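[1] Let's see this in three dimensions:
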Amino acid sequence: MQLHHHPFDLDSQKVRLALEEKGIDYTSYHVNPITGKNFDSLFFQMNPSGSLPVFQNGSHIIYKTIDIIQYIERIAVVSTGSEDISSSRSEVIGWMQKIQEWDPKYFSLSHIPEKYRVSVSKFIRRVIIARMSESPELAGAYHRKLREAYQTEEKLKDPDVLRRSKEHLVRLLDEAERQLSEAPYLAGEEFSMADVMLIPVLARLVLLDLENEYITGRPNIAEYWVLVQQRPSYIKVIAKHFDGWRKHKTLLKTWCFVCVRSLLKRY
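    As a prediction, the model looks like this:
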């Protein structure tokens, strides 16, 4: 089994947490979307949307995050020979879908300094154009991604887009706050795949230095956040890259790559 992912990517974090929680072995392939590696022809042929993560088991390839996680649960059931009731509980699935409905893209980008956001956006567009010339048979798919890149920049200028994204997040967190007043975890007394979906959302808020605004003011979520950070899966998947000084190291390494490649015009 192979997973194409990156530590920066929120959906990749969800899938990796699921793999760690279920104890599933897999081969890891890093595909950095900030440096445009998701547009390399081999990856793009496998997934023309260029999105992460991509899970591959033999000839079976899955792109959607919830589908991947549910597939991982089925593998875990088969490998252990015992039925995991949390995998089929409607409450867990409901929370997974609810969390996945929030698109973090515009919210995250709006909290990144414009200087860095514009530089990376310009770099990625140039990467797409370069890959298009290298693989003309994929020109149609590359054109679509190029249009999406321009549309993203335009939408970031629209305050209504950003307002709706923030309001959606607030509603989600408020509902999670109410749920966590009744149980220690999102879907009850036991840790489940619903929690796997929520943890990266909270980690993203912390990464963007928004913990006080969105987490601290919600006491149940704040207590939950302290609890889940102690899990080995969190430490391996997220804390390893983004806790303390590691955050600056992870982001600086990618920013230097973009700057050097832009200076040398090597895309």
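[2] got a list of what Lys98 touches?
    Leu172, Glu175 (CB atoms under 8 Å, 6 or more residues apart in numbering). Backbone N, C-alpha and C define where each C-beta goes, glycine included.
[3] does it sit in a helix or strand, and which one?
    Using DSSP states H and E, Lys98 sits in helix 90-100.
[4] Next secondary structure after that helix?
    Using DSSP H and E, the helix or strand that follows helix 90-100 towards the C-terminus is helix 105-110.
[5] residues of that following helix that come out buried?
    Tyr106, Phe107, Ser108, Leu109, Ser110 (16 or more other CB atoms under 10 Å).
[6] Name the SS class of Pro7, please.
    Using DSSP: H, G, I helix; E, B strand; the rest coil, the structure places Pro7 in coil.
[7] how many neighbours does the closest residue to it other than its chain neighbours have?
    Nearest in space to Pro7, with sequence neighbours left out and distances taken as CB to CB, 6 or more residues apart in numbering, is His241 at 4.3 Å. Using other CB atoms under 10 Å, His241 has 18 neighbouring residues.
[8] what do you get for Met197?
    Neighbours around Met197, by other CB under 10 Å: 26.
[9] what's the distance between it and Gln56?
    According to CB to CB, to the nearest Å, Met197 stands 21 Å off from Gln56.
[10] Adding pLDDT and distance to Thr65, write the buried residues of helix 105-110 out as TSV.
    Shown next, in TSV, are the buried residues of helix 105-110 (pLDDT from 0 to 100; distance: CB to CB, whole Å):
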residue	pLDDT	distance to Thr65
Tyr106	97	18
Phe107	97	17
Ser108	97	16
Leu109	96	19
Ser110	96	22
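[11] returning to that earlier point: distance between the helix or strand that contains the residue nearest to Pro7 and the chain's centre?
    Using DSSP H and E, His241 sits in helix 240-242. Relative to its parent chain, helix 240-242 has a centroid offset of 14 Å by CA atoms, centre = their mean, to the nearest Å.
[12] For it, which helices and strands make contact with it?
    helix 193-207, helix 245-264 (3 or more CB pairs under 8 Å, 6 or more residues apart in numbering; DSSP states H and E).
[13] Mind checking the pLDDT average for it?
    For helix 240-242, the mean per-residue pLDDT is 91.
[14] Just the residues contacting it, thanks.
    Contacts of helix 240-242 (CB under 8 Å, 6+ apart): Pro7, Ala203, Val206, Leu207, Arg246, Lys247, Thr250.
[15] one step back: tell me what angle the helix holding Lys98 forms with helix 193-207.
    30 degrees (axes from the mean of the first three to the mean of the last three CA atoms, to 10 degrees).
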